[in-house]
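Engineer: Provided below are the primary sequence and the corresponding predicted coordinates.
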Amino acid sequence: MAVTGMVAVVSMILQAATGPAWWVARGVVNTNATPNDFAAVNQGQLKWMAVNAALELESQLPGGAGSNVWALIESFSNTNNFRPVNLGQLKFVASHFYDRLMAVGYTTNYPWSGQPNDYALANIGQMKNVFSFDAAWWMTLDSDEDGMPDWWEVMNGFDPFNENDADEDADGDGSTNYDEYAAATNPHNSNSMPANNPIKQELDYFNYAQVNLLRALVGLAHLFHRTKGCDGFSI
Ligand SMILES: [Ca+2]
Ligand SMILES: [Ca+2]
Ligand SMILES: [Ca+2]
């Protein structure tokens, strides 16, 4: 993305004391810098954080970061990078990410509450706080320990806090929801089922038998053709 290079030139004074692994992996934070969470955050730093957060969500979440996040990133200008950010601006940028995180079930709310003064300057610590989400960790989360991760349950309309739905068969195709998760088939489409599904095996056998019957018929027809030697016969 062009914006990556654009904001990369902005100096970073973020520090990686505590935070998700992607901060370090993506170079959002400078591990050699002195922590200064009370310093004002500037627009270049916020853009840099947002670009990397977008890349992280894109690589981790089912369906990626989403079009609203990418539209936000593409709307970033190359100007005002050293201007301070106020809380309203921080919330505006972060809300795009939280809308996406709420859509996939990572969280149910924005990480701020009350009536903060949107015109107050945001500091580094506040920006780090709202961008401390960890999609990689969340993708492995299985709250009810039924074997189906939360993200897959939310994506398919199941309850990530009820382990009983793993043994249910939402589409009545003979495979449990868990088996469909494990086989990466669609738990709401009875035509999509794991290879070990008895109905699928029967269907496969039926199709196999049909193909063989057809082959036998064609073979017979050719034999008949050769035997009779009649012209104009084709199959
Ligand atoms: Ca689960
Ligand atoms: Ca099923
Ligand atoms: Ca299915």
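Structural biologist: Arrived safely. Ligands and ions are numbered 1, 2, ... in the order given.

Engineer: which is the next helix or strand following the lowest-mean-pLDDT helix or strand in the chain?
Structural biologist: Within the chain, no helix or strand scores below helix 2-8, which has a mean of 40 by mean pLDDT, DSSP states H and E. Downstream of helix 2-8, the first helix or strand assigned by DSSP states H and E is helix 21-25.

Engineer: just the C-alphas of the helix or strand just after that next one, formatted as PDB.
Structural biologist: Proceeding C-terminally, helix 21-25 gives way to helix 43-60 as the next helix or strand, assigned by DSSP H and E. Coordinates of each C-alpha in helix 43-60 appear next as PDB, following Å, rounded to 0.1, in the frame of the first residue of the first chain:
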ATOM      1  CA  GLN A  43      -1.100  11.900  13.300                       C
ATOM      2  CA  GLY A  44       1.800  10.100  11.600                       C
ATOM      3  CA  GLN A  45       2.100   7.700  14.500                       C
ATOM      4  CA  LEU A  46      -1.700   7.100  14.500                       C
ATOM      5  CA  LYS A  47      -1.600   6.400  10.700                       C
ATOM      6  CA  TRP A  48       1.300   4.100  11.200                       C
ATOM      7  CA  MET A  49      -0.500   2.200  13.900                       C
ATOM      8  CA  ALA A  50      -3.700   2.000  11.800                       C
ATOM      9  CA  VAL A  51      -2.000   0.800   8.600                       C
ATOM     10  CA  ASN A  52      -0.300  -2.000  10.500                       C
ATOM     11  CA  ALA A  53      -3.500  -2.800  12.400                       C
ATOM     12  CA  ALA A  54      -5.300  -3.100   9.100                       C
ATOM     13  CA  LEU A  55      -2.600  -5.500   7.700                       C
ATOM     14  CA  GLU A  56      -2.900  -7.500  10.900                       C
ATOM     15  CA  LEU A  57      -6.700  -7.900  10.700                       C
ATOM     16  CA  GLU A  58      -6.400  -8.600   7.000                       C
ATOM     17  CA  SER A  59      -4.100 -11.500   7.700                       C
ATOM     18  CA  GLN A  60      -5.900 -12.900  10.700                       C
END
